[in-house]
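In: Below: sequence and its predicted model.
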Amino acid sequence: MKRILCISLCFVFVILVSCDKNITNNSPIKPYSPSPEDNQENVSLNTVLTWICGDPEGEQVTYDVYFSTNPELTEDQMVSEGQISNSFYPGQLDFGRRYNWKIVARDPHNNISESHVWKFTTKMDTNLPPNTPSDPTPADNSTNLGITQLLQWECTDPEGDPLTYDVYLGTNPDPGAAELVAQDLTVNDFNPGALGYVTTYYWKIVAHDDQKGSTSGPIWKFTTIYQDVTPPSKVTMTPHKCDPGDPGCAYTDRNNGIDAYPAGNLNYNWMKIQWDDTPLQTDGDIHHIEVWRFNEYGDTAFVEQIPFIPDSSTYYDKFIGYEEPVIQKTWSYFIIPFDEAGNFTNSDTVSYRLIEVPGLQAPINNGTFSVNDSIDFSWSAGIYTYRILFFDTSHNYVYSEDTHETSFNISEIDFVPIPGYSYIWRIDAFFIIGQAIGSESEERIINFTQ
């Protein structure tokens, strides 16, 4: 009996093993639902191929993509192998072409399913190319130009398509591939760098839209100047006019070499720098000016590059980016004018020492008082000579008086306010009358009634 049971169990085991060997893995689902659809017409040049596929067992499927204008899709037409994504971008296509494609899906067991060969046709070329590039800078046939030029042009597209530009520049009157100096620019300007002297340059722009349309502009030309080796004339800096304490000064709010900073920062003054630009106007070829400053502690710094504008020879240094205290230091300035050829000449130097800025205490800003009131004026500062200055609201000088104190009563000076008038007042501090050493306070307004 036991022998019969053992034989029966062995028979069942053999049957089960035989059944297991007959279990097979299913191939992936055949790719379907293509986009573009099969035989679709008028397809965009920038289309993305997509399809739907899966695996019966839920296993990972990879795809081989075949794509060509050749109806016979062989291994040579496989453009992507083993990708996981069920989409593929073949790049920008051609107008009016018929394309063929198929997908081979593969599971981890190397089982495959192959789609039909799908077909689609791209749209015909109805695109309008860009308009002709125009309005060049430098202007066509310009002469005597500097060797640093920014090439600029105008161009639009009749359909509003985005444009890119190729720039051709050289000495060849018919610029070609050898003169291509920039490609696929998205802006309508180009800096070629330093050019040669006494040279005629030819240039053109080819504009491209995103539909493979292009338009070549006309050939423009310009000629550069003879080499200029003469530097600009030397500039003389103007000593600070009406420094605090200068006798006979027609005081205004802006002529004492420094500029009052808004209330709230009592350790800060702007510096006013001036120069005589008459020699530069005579030169006639000045391009820009560099402003430099330094102090006795070696803090030399390039301040700013400013364009040369005739009769505009004043600059206010606001110490932007300088994080150390600016008071109790002597600030020296010089400028460097540059001409169109890059030649330059340093100016002389002008200096001004900033001392502690008087901190106004009383009266409050924009306060209103009767002309008969006893008004106390006070400020905080070191041991200096001080000058109180009054201006009308147009900053015309009205009155000033010197003192060694840091306070006074209005009755102690000869200032006689007019009822219904407002005045601007400030305090200047200095060491010695006539020297470029000082500072000025913020400005405040005081109003008077009857």
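Out: Happy to help now that I have it. Numbers count the residues shown, from 1 in each chain.
In: And for Asp277, the neighbour number?
Out: Neighbours of Asp277 under the rule other Cβ atoms under 10 Å: 23. For every residue, glycine as well, the C-beta is placed using N, CA and C.
In: Check Pro325 too.
Out: Using other Cβ under 10 Å, the number of residues around Pro325 comes to 11.
In: Let me see the ranges of the strands in the stretch 351-450 of the chain.
Out: Applying DSSP state E, counting those that start in this stretch to the stretch 351-450 of the chain gives strands spanning 359-362, 367-370, 376-380, 385-391, 397-403, 407-409, 422-430, 437-440, 444-449.
In: what's the least confident stretch among those strands?
Out: Among these, strand 437-440 carries the lowest mean pLDDT, at a mean of 80.
In: Packing partners of it?
Out: Strand 437-440 is packed against strand 258-259, strand 350-354, strand 422-430, with contacts defined by 3 or more Cβ pairs under 8 Å, 6 or more residues apart in numbering; DSSP states H and E.
In: Redo these as a markdown table? Include mean neighbour count and distance to Asp339.
Out: Listed next are the helices and strands packed on strand 437-440 as a markdown table, based on neighbours: other Cβ atoms under 10 Å; distance: least, Cβ to Cβ, whole Å:
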| stretch | mean neighbour count | distance to Asp339 |
| --- | --- | --- |
| strand 258-259 | 20 | 30 |
| strand 350-354 | 22 | 22 |
| strand 422-430 | 22 | 39 |
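In: Go through the strands of the stretch 351-450 of the chain and pick out the most buried.
Out: Across the strands of the stretch 351-450 of the chain, averaging neighbours per residue (mean count of other Cβ atoms under 10 Å) puts strand 437-440 on top, at a mean of 26.
In: Kindly format the C-alpha coordinates of that strand as PDB.
Out: This file holds the C-alpha atoms of strand 437-440, laid out as PDB (Å, rounded to 0.1, in the frame of the first residue of the first chain):
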ATOM      1  CA  ILE A 437      38.600 120.600   5.000                       C
ATOM      2  CA  GLY A 438      35.000 120.300   6.300                       C
ATOM      3  CA  SER A 439      31.600 118.800   6.100                       C
ATOM      4  CA  GLU A 440      28.000 119.900   6.000                       C
END
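In: Each with direction, which strands does it pair with?
Out: strand 350-354 (parallel), strand 422-430 (antiparallel) (DSSP bridges).
In: Tell me which of those strands lies nearest to Asn191.
Out: Relative to Asn191, the nearest member of the strands paired with strand 437-440 by Cβ to Cβ is strand 350-354, separated by 34.6 Å.
In: For this protein, which segments count as helices?
Out: Taking DSSP state H to define them, one finds helices in the chain at 2-21, 278-283.
In: Check the ones you listed for me: which has the lowest mean pLDDT.
Out: Looking at those, the bottom one is helix 2-21 with a mean of 46.
In: all strands of the stretch 201-350 of the chain, in order?
Out: Secondary structure of the stretch 201-350 of the chain (DSSP E, counting those that start in this stretch): strands located at 214-216, 220-224, 258-259, 270-274, 286-295, 301-307, 314-317, 329-339, 350-354.
In: Now Val303: closest residue in space that isn't a chain neighbour?
Out: Val291 (4.3 Å; Cβ to Cβ, 6 or more residues apart in numbering).
In: Assess the claim that the one you found and Ile335 are in contact.
Out: Yes. Contact status for Val291 versus Ile335: in contact at 5.5 Å, counting by Cβ atoms under 8 Å.
In: Neighbour count for the two, which is higher?
Out: The neighbour comparison of Val291 against Ile335 (other Cβ under 10 Å) goes to Ile335, with 25 against 19.
In: can you list the weak-confidence ranges in the stretch 251-400 of the chain?
Out: Counting by pLDDT under 70, the stretch 251-400 of the chain contains low-confidence residues at 251-269.
In: quick one: the nearest residue to Tyr226 once chain neighbours are set aside and Gln227, what's the gap?
Out: In space, and not counting its chain neighbours, Tyr226 is closest to Val198: 5.3 Å by Cβ to Cβ, 6+ apart. According to Cβ to Cβ, to the nearest Å, Val198 and Gln227 sit 7 Å apart.
In: ranking the strands of the stretch 201-350 of the chain by burial, who's on top?
Out: Neighbour counts (mean count of other Cβ under 10 Å) averaged over each of the strands of the stretch 201-350 of the chain peak at strand 350-354, with a mean of 22.
In: picking that back up, got the helices and strands packed on strand 437-440 as a markdown table, with distance to Thr69 columns?
Out: Listed next are those as a markdown table, based on distance: least, Cβ to Cβ, whole Å:
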| stretch | distance to Thr69 |
| --- | --- |
| strand 258-259 | 74 |
| strand 350-354 | 76 |
| strand 422-430 | 82 |
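In: can you tell me which of the ones you listed comes nearest to Asp55?
Out: Closest of the helices and strands packed on strand 437-440 to Asp55 is strand 258-259, at 78.0 Å (criterion: Cβ to Cβ).
In: Okay, now the unreliable bits of the stretch 101-250 of the chain?
Out: Where the stretch 101-250 of the chain drops to pLDDT under 70, the residues are 240-250.
In: and with 50 instead?
Out: Residue ranges of the stretch 101-250 of the chain with pLDDT under 50: 243-247.
In: what about stretch 363-370, start to end distance?
Out: End-to-end span of stretch 363-370 (Cα to Cα, to the nearest Å): 13 Å.
In: typo on my end, stretch 54-71
Out: Using Cα to Cα, one end of stretch 54-71 lies 26 Å from the other.
In: before we move on, what about stretch 406-425?
Out: End-to-end distance (Cα to Cα), stretch 406-425: 15 Å.
In: residues making contact with that stretch?
Out: 253, 358, 371, 373-381, 386, 388-393, 395, 398-399, 401, 443-450 (Cβ atoms under 8 Å, 6 or more residues apart in numbering).
In: Then stretch 38-52?
Out: For stretch 38-52, contacts defined as Cβ under 8 Å, 6+ apart pick out 31-36, 63, 65, 67, 86-90, 92-95, 101, 103, 115-116, 118-124, 211-212.
In: I'd assumed Ile336 was in contact with Phe344.
Out: Yes. With contacts counted by Cβ under 8 Å, Phe344 reaches Ile336, the gap being 5.1 Å.
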